[in-house]
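*Asks:* Whatever this is, show me its structure:
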Amino acid sequence: MNNEYYLALLLLLSTFTHTQALDLVQYSDISSVPQIALNQKIQTELQKLLKHDYQKFQSNFENYSVRYLLKINEALYYEGRSVSSLDASSAIVFKDGRLFAAIYFAETKMLKYFNNDASCSEQLHPAIQVFAQQREIKNIEYAKARLISALKYNFSSFSKCEAYIENLNKRS
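*Replies:* Below is the predicted model of the structure:
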């Protein structure tokens, strides 16, 4: 009986910890954005999502070039670039744990796109589209499209980013 109680308590606590919202307000100032690299929860989720591409993604944050809060969706967008090349990375971190990330490889002019939201897995998130439009891109690889194990959000609505685009249009 005691073991069952402790097991139930452990499961409840781990679920609560996983679903706890991220505090993004602490990154509202550009000088605080590099501290994202120290946020264990965000970095762990990015590592799970990016897998072997995580190191390349992180290496592009030698210079942070843009940061802004997406207030409608309670999300943080940030991007950075490498000092030694034209390679760049960008990420969108939502308060509820949704993630979108992109790595631009300047030499091959390829963009690699990652996300954990099924509704936007086969089309670039609008903020990532802006990131992509600033670069010469010949090929886009949708790394997590149709990979159910990586897609944690919006399973029932494969709407091709329509909800994100709609929110962006409301803001304009």
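
*Asks:* where does the protein have low pLDDT?
*Replies:* Applying pLDDT under 70 to the chain flags the ranges 1-22, 25, 28-32, 66-73, 145-150, 155-160, 167-172.

*Asks:* What helices and strands are in contact with the helix or strand containing K41?
*Replies:* For K41, the host element (DSSP states H and E) is helix 40-50. Under the contact criterion of 3 or more C-beta pairs under 8 Å, 6 or more residues apart in numbering; DSSP states H and E, helix 40-50 touches helix 54-59, strand 99-105, strand 110-115. For every residue, glycine as well, the C-beta is placed using N, CA and C.

*Asks:* name the helices or strands packed onto the longest one?
*Replies:* Applying 3+ C-beta pairs under 8 Å, 6+ apart, one finds that strand 99-105 makes contact with helix 40-50, helix 54-59, strand 88-94, strand 110-115, helix 126-133.

*Asks:* winner for burial among the helices and strands packed on helix 40-50?
*Replies:* strand 99-105 (a mean of 24; mean count of other C-beta atoms under 10 Å).

*Asks:* A88 against R135, yeah?
*Replies:* Yes: look at A88 against R135 with C-beta atoms under 8 Å: they come within range, at 7.2 Å.

*Asks:* Need the residues touching each of these two.
*Replies:* Listed as contacting both A88 and R135 by C-beta atoms under 8 Å, 6 or more residues apart in numbering are 104, 106.

*Asks:* distance of the nearest residue to E79 once chain neighbours are set aside from M110?
*Replies:* Using C-beta to C-beta, 6 or more residues apart in numbering and skipping residues adjacent in sequence, the residue nearest E79 is S90, 3.7 Å away. Applying C-beta to C-beta, to the nearest Å, the value for S90 to M110 is 14 Å.

*Asks:* OK, contacts around the nearest residue to H125 once chain neighbours are set aside?
*Replies:* In space, H125 comes closest to F100 once its chain neighbours are excluded; the distance is 4.5 Å by C-beta to C-beta, 6+ apart. Going by C-beta under 8 Å, 6+ apart, F100 touches 91-92, 113-115, 117, 120, 125, 127-128.
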